[in-house]
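Peer 1: Predicted model follows, preceded by the sequence.
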Amino acid sequence: MRLALNYQRVDPTKGGAETYVVDLCRKLIERGHEVVLHAAEWNREALPPGLQTVRVPVEGWTRPGKIRSFAENSARGLASGDHDCSIGFINTWGTDVLIPQGGVHEGSLEANAQRFAPGLARTAYLIGKRLNPKRGLYREIERRQYDPRARTRIVAVSNMVREHLERFHGVDPARVSVIPNAIDAGRLEVDDPAGARAEFRARMGLGPHDLVALFVGHNYRLKGLEPLLRSLASRKSRDPGARALSLVACGGGDVGPFRRLVRSLGLEETVRLAGFQADIRPAFHAADFFVLPTYYDPCSLVVFEALACGLPVVTTRCNGAGDVITEGTEGFVVDRPDAIDSLIIAYAALADDGRRRTMSEAARELGLRQSFDVHVDRLLQVCAEAARDRGSRAHRGATSRPLSTRSDRSDACSTGIGSTRGGTR
């Protein structure tokens, strides 16, 4: 098939969704499909060989204006494009298949509100968000995405997202396929895992036998770093004789408020706010388990990466990735980010070296099963069905065809939507 993928900015250093798009392009090309990326910006060095690119023009000065411009220009370009099936992800419409990597806006808003105590604070947060002009834009985009007349097939990355699609948009379940996210576990390999573990621990001031938990997230508040820190402080005060537990928190964002919180909680000796790591692999190999008490995550890729590195995972039911975890086998899924008692119970189980080793083996096996091979098989079935639905060129919806001569160039241009050739913006 000739497949068109639509995503505004493609740079794996910016987050999990961007990484997924690049990995998906690579795997589709490896399968012999012709792939064209419709984007406004991309990191040229991160794109796989053979990927064609189309520059989607973006006008406007404000972020909402740029989002709307990209969506409108993408829809026009894809409507006239030469492809069998188009796949959209976030803040675009008009594609044959939609994978809402960011979940459903109302579901995200509802989950984010849980960060505030019931009453005035939560009400004020919700009113402020619902009065924000951006909310109108997101509602318009989702209205277009889930309009039943569009006949778009939707891939929900978790059961949580599927439920939100039905609850907030009344999407017909027949239009939805649940296909969890996938990872390329090969990208997580290092030449010397033991050496990487020792070097990272030494850099963090940690010993070889210290019990170390890892947190990775670019949005500390949304990903639950505050309740995580409070759970560590509560554990320390409740059971001073418990085995010491150190935390390394990685990711981009403003660490200032969290440094102050660490000091106020008396956790300076055991918490390292490591900030952004250009290469996160050593951190995975240095940790003993992974913890992400997130308020909202449609299906966290970093959870799958942690599992594939052999790290048992502690996360929440607000994370669609928790669907794959069997309680007490590969990790623990607590009800809420502020479920302090449940978090402490999970830490106690993972402090047992023997039990943690057993869980680590199960975690690695589970993580490796979240492979792109299975994921792409299922996604291509959806694409083939979508291609047949739209009457795509005679029977090319179910099988790949030989690549055109354009596939030998990594930056081929389409016509009609202001494409440009070469370079990285």
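Peer 2: Happy to help now that I have it. Model, not experiment: these values are computed from the prediction.

Peer 1: contacts and neighbour counts: CA atoms only from here.
Peer 2: OK.

Peer 1: what kind of secondary structure is residue 337 in?
Peer 2: coil (DSSP: H, G, I helix; E, B strand; the rest coil).

Peer 1: How about the contacts made by it?
Peer 2: 224, 227, 228, 293, 294, 295, 316 (C-alpha atoms under 8 Å, 6 or more residues apart in numbering).

Peer 1: now, among those, which is nearest to residue 165?
Peer 2: residue 295 (18.1 Å; C-alpha to C-alpha).

Peer 1: Contact partners for the closest one?
Peer 2: By C-alpha under 8 Å, 6+ apart, the residues touching residue 295 are 111, 112, 114, 115, 222, 223, 224, 316, 318, 319, 336, 337.

Peer 1: Now do it against residue 280, distance only.
Peer 2: From residue 295 across to residue 280, the span is 22 Å (C-alpha to C-alpha, to the nearest Å).

Peer 1: can you check residue 163 too?
Peer 2: From residue 163 to residue 280 the distance is 32 Å (C-alpha to C-alpha).

Peer 1: Which one of those two is surrounded by more residues?
Peer 2: residue 163 (17 against 13; other C-alpha atoms under 10 Å).

Peer 1: Okay, and that one sits in which element?
Peer 2: Secondary structure assignment for residue 163, by DSSP states H and E: helix 159-169.

Peer 1: Pull out the buried residues from that helix.
Peer 2: Neighbour-count burial for helix 159-169, with 16 or more other C-alpha atoms under 10 Å as criterion, is recorded at 159, 160, 161, 162, 163, 164, 165.

Peer 1: of the residues you listed, closest to residue 152?
Peer 2: Distance to residue 152, by C-alpha to C-alpha, is smallest for residue 165 among the buried residues of helix 159-169, at 13.1 Å.

Peer 1: Let's see the pLDDT reported for the closest one.
Peer 2: Per-residue pLDDT puts residue 165 at 96.

Peer 1: for the closest residue to it other than its chain neighbours, what are its contacts?
Peer 2: Of all residues not flanking residue 165 in the chain, residue 171 sits nearest, at 5.7 Å (C-alpha to C-alpha, 6 or more residues apart in numbering). Residue 171 makes contacts with 146, 148, 165, as judged by C-alpha under 8 Å, 6+ apart.

Peer 1: how close does residue 171 sit to residue 152?
Peer 2: Taking C-alpha to C-alpha, one finds residue 171 at 11 Å from residue 152.

Peer 1: any shared contact partners between these two?
Peer 2: Shared contacts of residue 171 and residue 152 (C-alpha under 8 Å, 6+ apart): residue 146.

Peer 1: Could I get the contacting residues of the closest residue to residue 318 other than its chain neighbours?
Peer 2: Counting by C-alpha to C-alpha, 6+ apart, residue 296 is the residue found nearest to residue 318 once chain neighbours are left out, at 5.1 Å. Contact partners of residue 296, counting by C-alpha under 8 Å, 6+ apart, are 108, 111, 112, 222, 223, 318, 319.

Peer 1: Give me the pLDDT for residue 296.
Peer 2: pLDDT recorded at residue 296 is 94.

Peer 1: Kindly report the same for the one 4 residues further on.
Peer 2: Note on residue 300: pLDDT of 92.

Peer 1: One more: the one 10 residues further on?
Peer 2: pLDDT recorded at residue 310 is 97.

Peer 1: Check the one 3 residues further on too.
Peer 2: Here, the pLDDT recorded for residue 313 equals 98.

Peer 1: Check the secondary structure at the residue of the chain positioned farthest from its centre for me.
Peer 2: Residue farthest from the centre of the chain, counting by C-alpha atoms, centre = their mean, is residue 241 at 37.2 Å. At residue 241 the chain is in coil, as set by three-state DSSP.

Peer 1: residues contacting residue 329?
Peer 2: For residue 329, the contacting residues are 359, 362, 363, by C-alpha under 8 Å, 6+ apart.
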